[in-house]
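Enquirer: I would like the atomic coordinates for the input below:
(2 chains)
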Amino acid sequence: MSVSLLLLAIALLALIGFGLARRRALSSAGGNPRELHSLPGYYGWHGALMTALPALAGLLIWLLVQPVLIERSVSAHFPADMIAADSSLALTMADVRRVAGGIDVALTAGAMKTDDAGRITTDLAQVRDTLKAVGVALGSDVTTEVLAAAQDYRRLAALGATGRALLVLVLAIAGMALAIRATDKDFRARNRVEQVTLGALMLSSSIAILTTLGIIASMLTETFHFFEAYPIADFFFGLTWSPNFKGDSQLGILPLIWGTLYISLVSMLVAVPLGLFAAIYLAEYASARARAWIKPLIELIAGIPTVVFGLFALVTVGPFLRDYIASPMGWGDSGSSVMTAGLVIGILNIPFISSLSDDIINAVPQSLRDGSLAIGATKSETVRQVVLPAALPGIMGAVLMAASRAIGETMIVSMGAGAAARLDLNPFEAMTTITVKIVSQLTGDTDFGSPETLVAFALGMTLFVITLGLNILALAIVRKYREQYE
Amino acid sequence: MNDMRIVERLVETQGNKISARAVQVHYGTSHAIKDVDVDILDKTVTAFIGPSGCGKSTFLRCLNRMNDTIAACKVTGKITLDGEDIYDARVDPVQLRAKVGMVFQKPNPFPKSIYDNVAYGPKIHGLTRSKAELDEIVESCLRKAALWNEVKDRLTAPGTGLSGGQQQRLCIARAIATSPEVLLMDEPCSALDPIATAQVEELIDELRDQFSVVIVTHSMQQAARVSQRTAFFHLGNLVEYGETGQIFTNPRDPRTESYISGRIG
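Expert: Residues are numbered from 1 along each chain as shown, chains lettered A, B, ... in the order given. So this is what the prediction gives:
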């Protein structure tokens, strides 16, 4: 019984469980729903959930455990030294799975008879050809061990499928029976169903957290691999970034951190004043009609893909800055520059800051404005001395979030600031950031064992720590802001 | 009732501070204040009473042009402060509000320190030349607001950390720091407990020495306790205006009598 068929069976049983439990609840109350503790539907849902959830959980666990067990038993076919080397075993197991899958395909296509499939054929080349004929291409020749293992694999998998179907169906029916036995008019079905809902809510929230932890874990292992191959001090304090696949790379992160911070700084110098002024205008001065037009128009910027901004930087802003500012002043003649990327990222971040700050300024109670106006302050004094200080912690939060966006920006940097890692103060020079280097180290023909590739993970980890720190700071400030007024 | 009679004689000696003639207020299509004439006396506490929605707060906000901040609100008629029309085009509402202070229903201290809350008005109006002078104003206003002894050791603590009654007294100190001539109070005790209310009422009585105080209140007992003159508003009309003792003991209008005896409102 295949997994999809099993899922269908579970759904069907759940439906039956729903109907049976609901009917039993109603009949226990003599057909009068007022006698029931909960609405009849809740008894039905209880029945359905009790049928489906244990069965689904059983199925999930089985699906996770079965491959591990099969792999362990099948690997007995291979010599011990092969098992010891983790990576070659993994490759061979992949071969085994492909052969086993190929035989299955061949069977269904009729290119192989059931008897043949079960026997260990000695003519290994023929196996390869037969499989090729049905569209399963094998990389290397099939060895006797692999073929034997594949046969074993198929046998165990078939056994597993039967066991799985049996377990799941038994669980479903047992769950249903339990639910129906528990059902009577005093049973608190509503509370039970709501508990399950609560569980679903908690599960949803934990998935995001678990994913974050997973990201950290996967990056951490690769980062450790990198630091085994490259000295940690050279990475964090090296002033030169020149990866080189011949093996004499210098992988100092400082030029990249400098580029990242420099470009982010320029972008924040653009985005913070413009975004903040826009927010103040929108929140304090704009009429309702103007606001209804301007706010969505500003937010439109946020919807433009960053690669389009990158094009804008590459084709328009970069040449403009070079031809009209940098070249005449003798500051360099590079089309890609920190200034180009910083300006464009800054513009991208304006709606982010203005929209959040606008909401924050609007959240400042009107009573504070009234209090200030009633003392004889002008509107401008009120905004500067009462509204903005009250909104400042929230605005800081918005600014820091925009900063982590600027730090993480890749596309605009690679198109606007170039890919040359450089430690320089001149903002009209090409520089590059951590994110751009992560992409360039991982794309193209790469060897996943070399430090030149693994450095991407160390870079990613560093970036992650920087932005995480900023976000934690932002959250802490926003939390403080919540305690501000009352 | 005897003490009210004494107060009544005192009232007669004061001149007019604010005069309103034929004041109409429209909120969009609704007619909130209808043809109100009233004279507010100097160094006197005047109470505006009336059921909810009768327009007493709206009228109060006309007196310092706070209604200007509401786009849909339109005020006509003539209101004079010391004989000058406050709705004249030459009058800057910002200057006016420095002379006519206001305390709101809900305490609204700024999220700044206690000191900065009081110093706010003097600073923006440039009333002081030195830090010492400012310190002096802050102290004297906090003393007048009967708050000094409670906060003198923590002037740098945030004003929002005070209790409700203390916050309201801080707002009063803030309002009198610009040395206004008139102090408007919009139900200043409605968010306070009885003890804080008693403190604020006592304070209002003391403020009468220096300011003309106009207080909007829902509590008739409060009006009777703190005011010398009372105006009764009903459905946007000023129904009756006179000495507090007379309004409460011998109202001329049947609507006033119904309200103070609890039959309407």
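Enquirer: when you work out contacts or count neighbours from here on, use the C-alpha atoms and nothing else.
Expert: Fine.
Enquirer: tell me the buried residues in the helix or strand that contains residue A:90?
Expert: According to DSSP states H and E, residue A:90 maps onto helix A:86-109. Along helix A:86-109, the positions that meet the burial threshold by neighbour count (16 or more other Cα atoms under 10 Å in any protein chain shown) are A:89, A:92-93, A:95-107.
Enquirer: show me where chain B has its helices.
Expert: Along chain B, the segments classed as helices by DSSP state H run B:2-12, B:56-62, B:93-99, B:114-124, B:131-144, B:148-151, B:164-176, B:194-207, B:220-226, B:244-249, B:254-260.
Enquirer: need the residues of chain A near chain B, please.
Expert: Of all the residues in chain A, those in contact range of chain B (Cα under 8 Å from any Cα of the partner chain) are A:367-368, A:370-371, A:373-378, A:381, A:386, A:389-390, A:484-486.
Enquirer: quick one: which of these sit in helices?
Expert: Judged by DSSP H, helices contain the following of the residues of chain A next to chain B: A:367-368, A:370-371, A:373-374, A:381, A:389-390.
Enquirer: looking at those, which has the most residues close by?
Expert: Ranked by neighbour count under the definition other Cα atoms under 10 Å in any protein chain shown, those are headed by residue A:374 with 28 neighbours.
Enquirer: for chain B, give me its nearest residue in chain A.
Expert: At 4.5 Å from chain B, residue A:376 is the closest residue in chain A, using Cα to the nearest Cα.
Enquirer: what's the burial count for the spatially closest residue to residue B:157 that is not a sequence neighbour?
Expert: Taking Cα to Cα, 6 or more residues apart in numbering or on different chains, and ignoring the residues beside it in sequence, residue B:157 has residue B:113 as its nearest neighbour in space, at 5.1 Å. By the other Cα under 10 Å criterion, the neighbourhood of residue B:113 contains 18 residues.
Enquirer: repeat for residue B:159
Expert: By the other Cα under 10 Å criterion, the neighbourhood of residue B:159 contains 26 residues.
Enquirer: what pLDDT does it get?
Expert: According to the per-residue confidence, residue B:159 scores 89 in pLDDT.
Enquirer: for it, give its distance to residue A:389.
Expert: 14 Å (Cα to Cα, to the nearest Å).
Enquirer: joint contacts of the two?
Expert: Shared contacts of residue B:159 and residue A:389, defined by Cα atoms under 8 Å, 6 or more residues apart in numbering or on different chains, comprise residue B:111.
Enquirer: circling back: go ahead and confirm the residue of chain A closest to chain B touches residue B:94.
Expert: Yes: under the contact definition of Cα atoms under 8 Å, residue A:376 touches residue B:94, with a separation of 4.5 Å.
Enquirer: tell me which of those two has more neighbours.
Expert: Legend: neighbour count by other Cα under 10 Å for residue A:376 and residue B:94, higher for residue A:376 (28 against 19).
Enquirer: contacting residues around that one?
Expert: Under the criterion of Cα under 8 Å, 6+ apart, the contact partners of residue A:376 comprise B:93-98, B:121.
Enquirer: ok, residue A:49 next?
Expert: In this structure, residue A:49 makes contact with residue A:14, judged by Cα under 8 Å, 6+ apart.
Enquirer: helix/strand/coil for it?
Expert: When the structure is reduced to helix, strand and coil (DSSP: H, G, I helix; E, B strand; the rest coil), residue A:49 reads as helix.
Enquirer: same question, residue A:218
Expert: Following three-state DSSP, we place residue A:218 in the helix state.
Enquirer: what separation do you get for it and residue A:456?
Expert: If you measure residue A:218 against residue A:456 using Cα to Cα, the figure is 13 Å.
Enquirer: between the two, which has more neighbouring residues?
Expert: Remark: of residue A:218 and residue A:456, residue A:456 carries more neighbours, 24 against 11, as counted by other Cα under 10 Å.
Enquirer: surely the more buried one touches residue A:442?
Expert: Yes: taking contacts as Cα under 8 Å, residue A:456 lies within contact range of residue A:442: 6.9 Å.
Enquirer: quick check: residues of chain B near chain A?
Expert: When proximity is defined by Cα under 8 Å from any Cα, chain B lies next to chain A at B:64, B:66, B:93-98, B:101-104, B:108-111, B:121, B:124, B:160, B:174-175, B:178.
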